[in-house]
Structures are given as structure tokens and as C-alpha cells.
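Asker: Got a predicted structure here, sequence first:
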Amino acid sequence: MLHAEWKTSGHARARNSPLYVAMRDRSKNASCEGCHAPLATLTDPAERAVDEGVTCEACHAIRDVGEAAAEPRYSFDLQGNRKFGPYCDGKDNYFHRMGCAPWFRDARVCGGCHTFSMPLADGKSLPIINEYAEWRASSFSVSGTACQECHMPPEVTHAATGSERKVRVGHHGFMGEKGELVRKALGIVASATDRAGTLVVSVVLKNEGAGHAVPSGLPGRQVVVRVQALDEKGHAQAREERTIGRVLVDEAGREVPFYAARAEKSDERIAAGESRTFTFELDAPRAGSLVIEVAWRSVSPALAEALGVPAEERTMGKIEMPFGGKRSGKGREHLPKTVVARP
């Protein structure tokens, strides 16, 4: 079961996702493999497990986690055939020995790869992956809510085939069942009113469910807020969308992948506990319905085109509300209206 969960995860695709392959090949920087394929730097590159990305061995061979400033680093034990985990009463078996590592429940074990800065020519550094530092600055860290409590929610099961008893084992999909953490990150409050025949729509997004900024991870990821006014037959009358994310640029100010970047142009992401408001004005004379959709996008259109990879989208939340047609001096039926969608 745990292996089946892992196969659906970003860890399983860490070395072979089209976006990573495109960036690795264009950057010509093999150091990325240290996190995307940890075994490639620790064992024979011909080993089959190397191509499995962040595989079972890559995590459960971690013997210890050290932390200097905000940058944890790992030490591994591949020669002793000992697999480490958070349980300290496991018995050695015919397949491997058991190691005790309680810090598997500590956020530090995630921080070693979810923290990365790139040195620049002027001697400064440009933060690229900043999730661990964002978590440390959030209320989640203050309350002792580690990354694993959201990304590896526990289930009671056997830790391995043939084990003697059931224990609380973290889900190994890392984004919850069927990627549910994407949907749990943001609360949405949508309000609509009529102003002299124009539909005015307010969308408030609050980062209620993540201990880091949303969208997180690689610069270029986006949250898209999309509003459509449909008529009663489902035909579009008006449509607008806005995007937020973090944009890195080159010397000419053009958005580029992180390895070609020289500066940060903007960071409009929503930090843990913070809110962002978007206002739309739509000309929709006929009665119909508003469809407000919030989506996570894997990479901005500019970077997708530059890298030759498609952008993936996942719905984070969706709200629909009806509205009447224009009525001179009388407003519209069903408006004003506010709908709340909790994560």
C-alpha cells in the first residue's frame, strides 16, 4: 500500500517529470540530482533505483539530519543495510536491519531539499526553493505542526508486509489522497453585486491550510483566479482571470527559469495566514450564472513555452452563483450574494 501511494507522488516523478528533465538538460547542472535523484550521487548510477527519484531507499537510508543555520543536510548509511524510521522497537528481519530515527516526524528531514538558494555573480544569493524557511516563519512552526502532519497524515496499517502489528503510518502520497492538499490550502469568499448594469465580483483567497506560501515550491508556479459569466444556455458572456506567483527575471527583465535568473521581479504569493482580494468587472446583460474557479498551475505560460513543456492545472476550489438579467434601475435578481468555500 505504501509503495502504491508513493508511486502517485511527486517524489516518484522527481527525476523523470517533463518539467524537471527540461530544466536539468537546459541548465546543464548535475547538482540538481542531489535532491531529485539522491541515490545517483551515493551509489552506482546504473542501479535501477537511481531512476526512481526520491525512492524508499533515498529517505529511509538517512541516518541523521544536521542543521546549520536554516539549511539541514543529510548523512546516509547505504552500506549497513539498515533502514531508518520513526519507530524504535522494530526488529531486524531477513531483508534489512532496523534503525531508529525519531526525527522522521520533524520538519528538518524535509528542509534539506525544500531549501535551496542560487549564488549570483555579485556574491549574493537568490532564494529559489524556500518552503522550509517559510514554514519556520509561520504559526505552524510555532505550534509545532511539522510538514508531515499535513503532507503525511497518519493511517493505522502494517508498516510492511509481514509485520506483526499495525501502527500509525504516514500517507506516502505527500499531497494527501488524490492530491487533496491542493484543494485544502485556500479558503475562498466570493461576492457579487450589480453596479449600473455591470457585475462586480470580489474574490478573497485566504491561506488557511498551508504552513508556507501558496503557490509553493518552484518559482513560476501560479494560482489562477478565473471568473466567467455564463448565460442560461451555458454560453460565455464575459471572462477574466488573474494570476499570482513568484517571477524571476534575467538581466533584460524577462521571466526565465530559475537557473537563468538574476533577480526576483515580484512575489505575489499568499503567505501562511494571509489573504488576497481580487476584483472583477464583467459586462453580462443576460441572466445566467457566475463561475468562479481557483486553480493551481504547475508553471507559467511563459516558462512552459520556453521549456517546451505543458502546464498542468488542478482545481483548488469552485463556486457558482446565479444572477438575473439587466433591469433598468432595479438591480438584478439573486444579487448581491456572497458564497464561502472553506478548504
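Answerer: Okay, I see it.

Asker: tally of neighbours for the residue nearest to residue 27 when sequence neighbours are not counted?
Answerer: Closest residue in space to residue 27, ignoring its immediate chain neighbours: residue 259 at 3.8 Å, by CB to CB, 6 or more residues apart in numbering. Where C-beta positions appear, they are placed from N, C-alpha and C, glycine not excepted. By the measure other CB atoms under 10 Å, the count of residues near residue 259 is 15.

Asker: Now do the contacts for residue 259.
Answerer: Neighbour list for residue 259: 23, 26, 27, 29, 118 [criterion: CB atoms under 8 Å, 6 or more residues apart in numbering].

Asker: What's the separation between it and residue 220?
Answerer: Residue 259 sits at a distance of 12 Å from residue 220 (criterion: CB to CB, to the nearest Å).

Asker: related to what we said a few turns ago, among the contacts of residue 259, name the buried ones.
Answerer: When neighbours are counted using 16 or more other CB atoms under 10 Å, those contain these buried positions: 23, 118.

Asker: Can you lay out the contacts of residue 259 as TSV showing pLDDT?
Answerer: Output for the contacts of residue 259, formatted as TSV (pLDDT from 0 to 100):
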residue	pLDDT
23	94
26	93
27	91
29	83
118	90
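
Asker: Please identify which of the contacts of residue 259 is nearest to residue 77.
Answerer: Set against residue 77, the nearest of the contacts of residue 259 by CB to CB is residue 29 (27.3 Å).

Asker: Now that closest one: closest residue in space, sequence neighbours ignored.
Answerer: residue 259 (6.3 Å).

Asker: Same check on residue 297?
Answerer: Nearest to residue 297 is residue 222, by CB to CB, 6+ apart, at 4.2 Å.

Asker: Let me know whether the one you found touches residue 300 as I believe.
Answerer: Yes - the pair residue 222 / residue 300 is scored as a contact, 5.6 Å apart, by CB atoms under 8 Å.

Asker: mind checking the longest strand of the protein?
Answerer: strand 236-249 (DSSP state E).

Asker: and the first helix or strand past it going along the chain, C-alpha only, in PDB?
Answerer: Next helix or strand after strand 236-249 toward the C-terminus (DSSP states H and E): strand 263-267. This file holds the C-alpha atoms of strand 263-267, laid out as PDB (Å, rounded to 0.1, in the frame of the first residue of the first chain):
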ATOM      1  CA  ALA A 263      16.800  38.800  -9.800                       C
ATOM      2  CA  GLU A 264      13.300  38.500  -8.400                       C
ATOM      3  CA  LYS A 265      10.800  40.700 -10.200                       C
ATOM      4  CA  SER A 266       7.800  40.000  -8.000                       C
ATOM      5  CA  ASP A 267       6.400  37.700  -5.300                       C
END
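
Asker: Residues contacting strand 263-267, please?
Answerer: 126, 213, 219, 246, 247, 248, 249, 253, 255.

Asker: ok, now with 10 Å
Answerer: Strand 263-267 is contacted by residues 120, 124, 126-128, 130, 213, 219, 244-251, 253-255 when judged by CB atoms under 10 Å, 6 or more residues apart in numbering.

Asker: Stretch 87-94 too?
Answerer: Taking CB under 10 Å, 6+ apart as the rule, stretch 87-94 contacts 81-84, 97-102, 104, 159-160, 162-165, 167-169.

Asker: May I see the buried residues of that stretch?
Answerer: 87, 90.

Asker: hang on, the earlier thing: select, from the contacts of residue 259, the two members most distant in space.
Answerer: Using CB to CB, the two most remote members of the contacts of residue 259 are 26 and 118, lying 14.7 Å apart.

Asker: Low-confidence ranges, the stretch 151-300 of the chain, go.
Answerer: Residues of the stretch 151-300 of the chain meeting the criterion pLDDT under 70: none.

Asker: Show me where it has its strands.
Answerer: Secondary structure of the stretch 151-300 of the chain, counting by DSSP state E, counting those that start in this stretch: strands at 154-158, 166-170, 186-195, 198-207, 222-231, 236-249, 263-267, 275-282, 288-297.
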